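Asker: Return a 3D structure for these sequence lines:
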Amino acid sequence: MKTPIPREPSDKPSATAPGTRAGERASSQRKNNNRMLRTILLGTVAMIAGVLWLGEQYGVEREETLNLLAASAGFVLILVATGLLGAGIIWVVRLLLRKR
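Answerer: Numbering: from 1, shown residues only. Reported below is the predicted structural model:
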């Protein structure tokens, strides 16, 4: 028979018990999310630096390069917004169909 692991008081209640596989999995997922965020940010910084460097190498003015980067970022944001809008519409339709 397993003896229960005594819980230490904490400010925030945990959704999973410490020492369980679910708790370990949740902790691992939090670490993976932080790594993913860091990787995305570092990749973005490297991409911007690379585009600026290439612009200089090919003799493109810095202002024009920044304008192209801003246009690209705007296009990506429009695509993201379109995807979120589509997901929202699907969610609402499923919600309405479930109520019937």
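
Asker: Quick one: residues contacting Val93.
Answerer: Taking CB atoms under 8 Å, 6 or more residues apart in numbering as the definition of contact, Val93 has no neighbours. Just so you know, the C-beta spots here come from the backbone N, C-alpha and C atoms, and that holds for glycine as well.

Asker: what helix or strand does the spatially most central residue of the chain sit in?
Answerer: When the chain is reduced to its mean C-alpha position, the closest residue under CA atoms, centre = their mean turns out to be Leu37, at 5.9 Å. Remark: Leu37 resides in helix 21-57, with elements defined by DSSP states H and E.

Asker: Now that helix: average pLDDT?
Answerer: If you average the pLDDT over helix 21-57, you get 87.

Asker: Tell me what angle the helix or strand following it forms with helix 21-57.
Answerer: On the C-terminal side of helix 21-57, the nearest following helix or strand under DSSP H and E is helix 62-99. Counting by axes from the mean of the first three to the mean of the last three CA atoms, to 10 degrees, helix 62-99 lies at 150 degrees to helix 21-57.

Asker: Show me the contact partners of stretch 45-54.
Answerer: Applying CB under 8 Å, 6+ apart, the set of residues contacting stretch 45-54 from outside is 62, 65, 68-69.

Asker: Only the buried residues of that stretch, if you could.
Answerer: Buried residues in stretch 45-54, defined by neighbour count with 16 or more other CB atoms under 10 Å: Val51.

Asker: ok, now stretch 60-74?
Answerer: Of the residues in stretch 60-74, Thr65 count as buried by neighbour count, 16+ other CB under 10 Å.

Asker: just the contacts of stretch 45-54 now: which is nearest Leu42?
Answerer: Within the set of the contacts of stretch 45-54, Leu69 lies nearest Leu42; the separation is 17.1 Å, counting by CB to CB.
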